[in-house]
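Participant: Would you be able to build a 3D model of this:
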Amino acid sequence: MINFKLKQPAYYDKARMTGNLSASIRNYGTQSQKIALSGGKSRFNIDMNYERYRTDGYLRNGAADIDTMAASLGYVLPSDGHIRLTATWSDLMRKIPSANDPKRPDYDSSYPVVLESDVSYRWRNPADHSGRDYDGHSIRVDFKQPSGWGDWNVGHIIPTRVNITTGMVLTIPLRHQLRFLRGSG
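Facilitator: Presented below is the predicted three-dimensional model:
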(Lines give C-alpha, C1' and ligand atoms only; values in the text may rest on other atoms or scores of the structure.)
Protein backbone atom coordinates (compact mmCIF):
# COMPACT_ATOMS: atom_id res chain seq x y z
CA MET A 1 0.00 0.00 0.00
CA ILE A 2 1.26 3.45 -0.85
CA ASN A 3 0.05 6.36 1.21
CA PHE A 4 0.77 9.89 -0.01
CA LYS A 5 0.59 12.56 2.68
CA LEU A 6 -0.12 15.93 1.13
CA LYS A 7 1.01 19.07 2.92
CA GLN A 8 -1.43 21.49 4.46
CA PRO A 9 -1.91 24.49 2.12
CA ALA A 10 0.44 27.39 2.91
CA TYR A 11 0.73 31.05 1.88
CA TYR A 12 3.48 31.79 -0.71
CA ASP A 13 4.92 35.33 -0.86
CA LYS A 14 6.39 34.51 -4.28
CA ALA A 15 5.39 31.91 -6.85
CA ARG A 16 7.36 28.76 -6.11
CA MET A 17 7.47 25.15 -7.29
CA THR A 18 9.78 22.49 -5.87
CA GLY A 19 10.15 18.88 -6.86
CA ASN A 20 11.77 15.60 -6.02
CA LEU A 21 12.60 12.75 -8.38
CA SER A 22 13.93 9.37 -7.29
CA ALA A 23 14.47 5.94 -8.78
CA SER A 24 15.75 2.64 -7.44
CA ILE A 25 16.59 -0.77 -8.86
CA ARG A 26 16.99 -3.83 -6.66
CA ASN A 27 17.08 -7.63 -6.85
CA TYR A 28 14.32 -9.70 -8.47
CA GLY A 29 13.51 -7.11 -11.10
CA THR A 30 12.34 -4.66 -8.45
CA GLN A 31 12.24 -1.04 -9.51
CA SER A 32 10.60 2.09 -8.20
CA GLN A 33 10.28 5.58 -9.67
CA LYS A 34 8.80 8.54 -7.79
CA ILE A 35 8.14 12.15 -8.65
CA ALA A 36 6.70 14.82 -6.39
CA LEU A 37 5.94 18.47 -7.19
CA SER A 38 4.74 21.05 -4.71
CA GLY A 39 4.27 24.80 -4.74
CA GLY A 40 1.95 27.70 -5.06
CA LYS A 41 1.40 31.38 -5.54
CA SER A 42 -0.14 33.64 -2.91
CA ARG A 43 -3.04 31.69 -1.36
CA PHE A 44 -3.19 29.01 -4.09
CA ASN A 45 -1.36 25.67 -3.68
CA ILE A 46 -0.74 22.59 -5.79
CA ASP A 47 0.77 19.19 -4.90
CA MET A 48 1.28 16.27 -7.30
CA ASN A 49 2.79 12.85 -6.59
CA TYR A 50 3.30 9.75 -8.72
CA GLU A 51 4.93 6.40 -7.94
CA ARG A 52 5.52 3.40 -10.18
CA TYR A 53 6.59 0.15 -8.49
CA ARG A 54 7.35 -3.15 -10.23
CA THR A 55 8.86 -6.43 -9.03
CA ASP A 56 9.22 -10.01 -10.25
CA GLY A 57 8.98 -10.96 -6.61
CA TYR A 58 11.31 -12.76 -4.25
CA LEU A 59 8.88 -15.59 -3.58
CA ARG A 60 7.32 -17.78 -6.24
CA ASN A 61 4.32 -16.00 -7.79
CA GLY A 62 5.27 -12.82 -5.88
CA ALA A 63 5.16 -10.22 -8.66
CA ALA A 64 3.64 -6.75 -8.22
CA ASP A 65 2.82 -3.92 -10.61
CA ILE A 66 1.56 -0.76 -8.88
CA ASP A 67 0.93 2.77 -10.15
CA THR A 68 -0.30 5.44 -7.73
CA MET A 69 -0.99 9.14 -8.31
CA ALA A 70 -2.34 11.93 -6.10
CA ALA A 71 -2.97 15.60 -6.89
CA SER A 72 -4.22 18.37 -4.66
CA LEU A 73 -5.35 21.97 -5.21
CA GLY A 74 -5.64 24.12 -2.11
CA TYR A 75 -6.58 27.64 -1.10
CA VAL A 76 -5.52 29.34 2.15
CA LEU A 77 -8.43 31.25 3.65
CA PRO A 78 -7.87 34.75 5.16
CA SER A 79 -8.65 33.18 8.58
CA ASP A 80 -5.61 30.82 8.20
CA GLY A 81 -7.92 27.92 7.46
CA HIS A 82 -8.00 26.20 4.08
CA ILE A 83 -10.11 24.41 1.52
CA ARG A 84 -8.57 21.66 -0.59
CA LEU A 85 -9.57 19.30 -3.39
CA THR A 86 -7.59 16.06 -3.65
CA ALA A 87 -7.87 13.33 -6.27
CA THR A 88 -6.17 9.92 -6.07
CA TRP A 89 -5.80 7.10 -8.55
CA SER A 90 -4.17 3.70 -8.23
CA ASP A 91 -3.82 0.63 -10.41
CA LEU A 92 -2.61 -2.40 -8.50
CA MET A 93 -1.74 -5.93 -9.59
CA ARG A 94 -0.18 -8.02 -6.86
CA LYS A 95 0.35 -11.76 -6.98
CA ILE A 96 0.02 -13.83 -3.81
CA PRO A 97 3.12 -15.96 -3.16
CA SER A 98 2.38 -19.66 -3.51
CA ALA A 99 3.80 -22.78 -1.90
CA ASN A 100 7.27 -23.85 -2.99
CA ASP A 101 7.73 -26.91 -0.82
CA PRO A 102 10.55 -29.45 -1.53
CA LYS A 103 8.04 -32.22 -0.73
CA ARG A 104 5.81 -31.18 -3.66
CA PRO A 105 6.33 -32.37 -7.25
CA ASP A 106 6.14 -28.76 -8.56
CA TYR A 107 9.02 -27.55 -6.32
CA ASP A 108 11.26 -24.97 -8.06
CA SER A 109 14.73 -24.66 -6.47
CA SER A 110 15.28 -21.24 -8.07
CA TYR A 111 12.85 -19.76 -5.50
CA PRO A 112 13.07 -19.76 -1.70
CA VAL A 113 11.32 -22.54 0.19
CA VAL A 114 7.75 -21.73 1.27
CA LEU A 115 6.25 -24.71 3.07
CA GLU A 116 2.79 -25.77 1.98
CA SER A 117 1.66 -25.62 5.61
CA ASP A 118 2.61 -21.91 5.75
CA VAL A 119 0.39 -20.92 2.82
CA SER A 120 -3.38 -20.47 2.73
CA TYR A 121 -5.09 -23.40 1.02
CA ARG A 122 -6.27 -21.33 -1.94
CA TRP A 123 -2.70 -20.16 -2.72
CA ARG A 124 -0.94 -23.51 -2.63
CA ASN A 125 -0.99 -24.09 -6.38
CA PRO A 126 1.45 -21.86 -8.35
CA ALA A 127 -0.48 -22.62 -11.57
CA ASP A 128 -3.50 -20.73 -10.16
CA HIS A 129 -1.60 -17.41 -10.36
CA SER A 130 -3.46 -16.16 -7.31
CA GLY A 131 -3.44 -12.44 -6.85
CA ARG A 132 -5.21 -9.13 -6.71
CA ASP A 133 -5.84 -6.88 -9.70
CA TYR A 134 -7.85 -3.73 -9.07
CA ASP A 135 -7.88 0.02 -9.37
CA GLY A 136 -9.19 2.67 -7.06
CA HIS A 137 -10.01 6.33 -7.46
CA SER A 138 -11.24 8.90 -5.02
CA ILE A 139 -11.98 12.58 -4.76
CA ARG A 140 -11.83 14.39 -1.45
CA VAL A 141 -12.79 17.92 -0.49
CA ASP A 142 -11.69 19.10 2.92
CA PHE A 143 -12.11 22.35 4.82
CA LYS A 144 -10.35 23.55 7.96
CA GLN A 145 -11.44 26.60 9.94
CA PRO A 146 -9.55 27.64 13.11
CA SER A 147 -11.67 29.05 15.93
CA GLY A 148 -11.34 29.97 19.60
CA TRP A 149 -12.72 26.51 20.49
CA GLY A 150 -10.32 24.59 18.27
CA ASP A 151 -10.19 23.68 14.60
CA TRP A 152 -13.32 22.80 12.66
CA ASN A 153 -12.60 20.15 10.01
CA VAL A 154 -15.09 18.97 7.40
CA GLY A 155 -14.26 16.44 4.72
CA HIS A 156 -16.19 14.71 1.95
CA ILE A 157 -14.79 11.60 0.23
CA ILE A 158 -16.25 10.37 -3.04
CA PRO A 159 -14.69 7.00 -3.97
CA THR A 160 -15.08 6.22 -7.66
CA ARG A 161 -14.29 3.36 -10.02
CA VAL A 162 -13.93 3.57 -13.76
CA ASN A 163 -15.28 0.72 -15.88
CA ILE A 164 -12.47 0.20 -18.42
CA THR A 165 -14.80 -1.33 -21.02
CA THR A 166 -17.41 1.41 -21.11
CA GLY A 167 -15.44 4.35 -19.73
CA MET A 168 -18.38 5.03 -17.39
CA VAL A 169 -17.54 6.48 -13.98
CA LEU A 170 -19.42 4.83 -11.14
CA THR A 171 -19.70 6.84 -7.93
CA ILE A 172 -20.04 5.08 -4.61
CA PRO A 173 -22.15 6.93 -1.97
CA LEU A 174 -20.67 10.02 -0.36
CA ARG A 175 -19.11 9.63 3.10
CA HIS A 176 -19.07 12.59 5.44
CA GLN A 177 -16.68 13.48 8.19
CA LEU A 178 -17.23 16.26 10.68
CA ARG A 179 -14.73 16.64 13.45
CA PHE A 180 -14.46 19.23 16.16
CA LEU A 181 -11.06 19.07 17.80
CA ARG A 182 -11.00 20.92 21.13
CA GLY A 183 -7.80 22.81 21.77
CA SER A 184 -6.09 22.00 18.46
CA GLY A 185 -6.02 25.65 17.36
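Participant: drop to CA atoms for contacts and neighbour counts, all remaining ones
Facilitator: Fine.
Participant: Surely residue 117 is in a helix?
Facilitator: Yes. Remark: residue 117 belongs to a helix, assigned using DSSP: H, G, I helix; E, B strand; the rest coil.
Participant: quick one: it from residue 98, how far?
Facilitator: 11 Å (Cα to Cα, to the nearest Å).
Participant: So for the two, which sits in the more crowded spot?
Facilitator: residue 98 (27 against 10; other Cα atoms under 10 Å).
Participant: Would you agree that one is in contact with residue 58?
Facilitator: No. Here residue 98 lies out of contact with residue 58, judged by Cα atoms under 8 Å, at a distance of 11.3 Å.
Participant: Please identify every residue contacting each of these two.
Facilitator: Both residue 98 and residue 58 lack any common contact, where contact means Cα atoms under 8 Å, 6 or more residues apart in numbering.
Participant: Flag every buried residue along the host helix or strand of residue 13.
Facilitator: For residue 13, the host element (DSSP states H and E) is strand 12-25. Within strand 12-25, no residue counts as buried by 16 or more other Cα atoms under 10 Å.
Participant: In the sheet, which strands lie alongside the longest strand belonging to the chain, parallel or antiparallel?
Facilitator: The longest strand of the chain (DSSP state E) is strand 131-147. The pairing partners recorded for strand 131-147 under DSSP bridges are strand 82-95 (antiparallel), strand 150-162 (antiparallel).
Participant: who touches that strand?
Facilitator: 79-96, 151-162, 185.
Participant: Helix or strand: which one has the residue lying closest to residue 54 once chain neighbours are set aside?
Facilitator: Leaving aside its sequence neighbours, residue 54 sits nearest to residue 65 (Cα to Cα, 6 or more residues apart in numbering; 4.6 Å). Using DSSP H and E, residue 65 sits in strand 64-76.
Participant: mean pLDDT lowest for which of the strands paired with strand 131-147?
Facilitator: Comparing mean pLDDT over the strands paired with strand 131-147, the weakest stretch is strand 150-162, at a mean of 75.
Participant: could you give the angle of the longest strand of the chain to strand 64-76?
Facilitator: Counting by axes from the mean of the first three to the mean of the last three Cα atoms, to 10 degrees, strand 131-147 points 10 degrees away from the direction of strand 64-76.
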